[in-house]
Structure formats: structure tokens, C-alpha cells
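K.L.:
Quick one, fold the following:
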Amino acid sequence: MLQAINLTKEFNARPVLNDVNLTVDKNEVYCLLGQNGAGKTTTINIFLGFLEATSGQALVNGKDVRTHRVQTNRMIAYIPEVVQLYGNLSGLENLDFFSRLTGFTYTTGELTRFLRQAGLQPEAHTRRLTTYSKGMRQKVGIAIAMSKKADVIFMDEPTSGLDPKATAEFTALCREFVAEGRSIFMATHDIFNAVHVGTRIGIMKEGRLVHERVTRDIDAHQLQQLYLETI
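P.N.:
Numbering: from 1, shown residues only. Next comes the predicted model:
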């Protein structure tokens with residue numbers, strides 16, 4: 001689903017990504033760990049087309065994002081750390097607006113089903129976003145990603161600021177995505193959640209992918225030790 005081949009990015013001749021190679025398969029949750037500035041968000045931004053790589057390739061379903069921007073954008077969705085929505089609109093209205101932007105028109109019943117599947121309680125569907133918690137806003141962002149019918153969902157620090165209940169709900173949703181045939185690429189600091197929701201974990205340091213582990217072969221304590229030794 002995703003492939004980075006010798007991916008390099010420089011800002012003012014300073015490398016922030018250095019020869020990164022990774023793959024994300026179908027039905028996989030790939031969690032990328034690393035300190036701030038390690039290159040996690042830069043990697044995501046190249047796949048999303050927000051940044052252009054200095055050299056190397058970022059492929060989505062075998063298509064280079066640099067030369068097939070329109071096609072690859074149709075295959076992906078993005079849930080940032082802070083979901084940018086319109087506070088004066090309801091969750092339902094935000095979902096309707098953003099799904100139309102990506103070329104999809106749904107009935108109210110279909111929009112409601114997306115919100116329910118994302119875990120947003122029905123009584124909140126028609127309330128303004130200004131009354132929502134961060135976890136509730138995150139669920140609207142997830143519903144928007146679902147409405148796009150994307151093959152791959154990118155997430156940047158998705159559990160940041162969520163309480164344990166909201167984090168558990170988020171983990172369950174990720175597993176549902178994978179069961180439906182989607183893949184997830186997630187940048188995170190949450191070691192515990194990475195072990196529980198991920199299928200593979202990468203650790204970045206100073207723009208390099210220095211470790212990869214299959215989650216069934218490592219527990220949270222072992223991953224924490226490896227992470228601390230790496231940084």
C-alpha cells in the first residue's frame with residue numbers, strides 16, 4: 001500500500017529525512033515512533049503531497065506521489081493531531097461539507113452511520129463543534145476519513161490529549177479499519193498504544209529509520225527500553 005524508497009528531504013541543505021526505506025502492507029497498522037524533529041511528520045507530509053522529497057520516492061499503491069498526485073490523493077485520508085473543523089457547524093454538517101469537498105455526496109442517514117461507526121454519540125451529531133471535546137472532534141475527523149473511502153489513513157499523534165476511554169475507542173476503530181481492508185500509517189509518541197494497535201513499529205532518529213519490530217515479537221516494556229536506548 002505504501003512504500004518509501006531512499007526517501008530524503010533537506011531544508012536549507014540540512015537533512016531532516018535521510019535515506020528512509022519502509023513499506024506498509026494492506027491490513028497493516030504501521031506505527032512510527034521518535035522524538036520531536038525525528039522526521040515522522042515530514043515522512044507523512046511527503047506522502048500527502050504537502051512536501052516534495054529532495055530525492056527518493058514515496059509510493060501509494062505503486063504510484064509515485066510526485067507524478068501521480070491526483071490519483072494518490074484519492075487513495076489516502078489524513079487525520080492530524082488537531083482536527084481542523086468549523087466550530088459554528090455541527091458534526092453532521094462538518095462531515096457533509098468535507099465529504100462533498102472530496103467528491104462524495106451522502107444522505108443524512110449515510111452521514112449519521114459514519115458518525116456512529118466513528119463512535120460519536122447520536123445526541124452530539126447535530127450540536128455545534130464548539131461544544132465538542134478533543135476526543136469528539138477526533139471522531140468527526142475519523143468519520144470524514146471513512147467517508148472518503150480511502151485505502152490508507154495517515155494519522156499524526158492521534159491519541160494526543162485523549163483520555164483512556166477515548167484512546168480505547170480509537171484503538172477499536174483502528175482495528176475495524178484494518179478488518180475492512182484499509183491500512184494505517186501513524187506517527188505517535190504513545191508506546192503503549194503502538195504495541196496494542198500496531199502490527200509493525202518503526203523508530204526514527206535524526207531522520208533515519210533505525211529500528212523496525214513486529215509487535216507480536218515485542219511487549220510495551222521491551223519497546224520502551226529499545227526506544228530509550230535509541231534516543
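
K.L.:
list the contacts for residue 44?
P.N.:
Listed by C-beta atoms under 8 Å, 6 or more residues apart in numbering, the contact partners of residue 44 are 78, 154, 156, 185, 187. Every C-beta, even on glycine, is put in place using the N, C-alpha and C of the backbone.

K.L.:
Among the residues you listed, name the ones in strands.
P.N.:
78, 154, 156, 185, 187 (DSSP state E).

K.L.:
With distance to residue 217, pLDDT and neighbour count added, can I get the residues you listed in JSON lines?
P.N.:
JSON lines is the format used below for these (distance: C-beta to C-beta, whole Å; pLDDT from 0 to 100; neighbours: other C-beta atoms under 10 Å):
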{"residue": "78", "distance to residue 217": "29", "pLDDT": "92", "neighbour count": "22"}
{"residue": "154", "distance to residue 217": "25", "pLDDT": "95", "neighbour count": "23"}
{"residue": "156", "distance to residue 217": "26", "pLDDT": "91", "neighbour count": "20"}
{"residue": "185", "distance to residue 217": "20", "pLDDT": "97", "neighbour count": "25"}
{"residue": "187", "distance to residue 217": "21", "pLDDT": "95", "neighbour count": "24"}
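
K.L.:
Widest-spaced pair of the residues you listed?
P.N.:
78 and 187 (11.2 Å; C-beta to C-beta).

K.L.:
Identify the contacts common to those two.
P.N.:
Counting by C-beta under 8 Å, 6+ apart, the residues touching both residue 78 and residue 187 are 44, 155, 156.

K.L.:
Can you tell me which of those lies closest to residue 198?
P.N.:
Using C-beta to C-beta, residue 155 is the member of those that lies nearest residue 198, at 11.3 Å.

K.L.:
Read off the pLDDT value for the closest one.
P.N.:
As predicted, residue 155 sits at a pLDDT of 93.

K.L.:
follow-up on the earlier one: a markdown table please, covering the ones in strands among the contacts of residue 44 and showing distance to residue 10.
P.N.:
Converted to a markdown table, the ones in strands among the contacts of residue 44 look like this (distance: C-beta to C-beta, whole Å):
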| residue | distance to residue 10 |
| --- | --- |
| 78 | 23 |
| 154 | 22 |
| 156 | 21 |
| 185 | 22 |
| 187 | 20 |
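
K.L.:
quick one: which of those residues is nearest to residue 215?
P.N.:
When these are ranked by distance to residue 215 (C-beta to C-beta), residue 185 comes first, at 14.7 Å.

K.L.:
beta partners for the closest one?
P.N.:
Using DSSP bridges, the beta-bridge partners of residue 185 come out as residue 30, residue 154.

K.L.:
Okay, it and residue 42: tell me how far apart.
P.N.:
According to C-beta to C-beta, to the nearest Å, residue 185 and residue 42 sit 13 Å apart.

K.L.:
Over to residue 101?
P.N.:
On the measure of C-beta to C-beta, residue 101 and residue 42 end up 25 Å apart.

K.L.:
Look at those two and report which has more neighbours.
P.N.:
Shown here are residue 101 and residue 42; by other C-beta atoms under 10 Å, residue 42 has more neighbours (21 against 10).

K.L.:
Can you list the buried residues in stretch 7-16?
P.N.:
Across stretch 7-16, burial judged by 16 or more other C-beta atoms under 10 Å covers 7, 8, 9, 16.

K.L.:
Many thanks, I have nothing further to ask.
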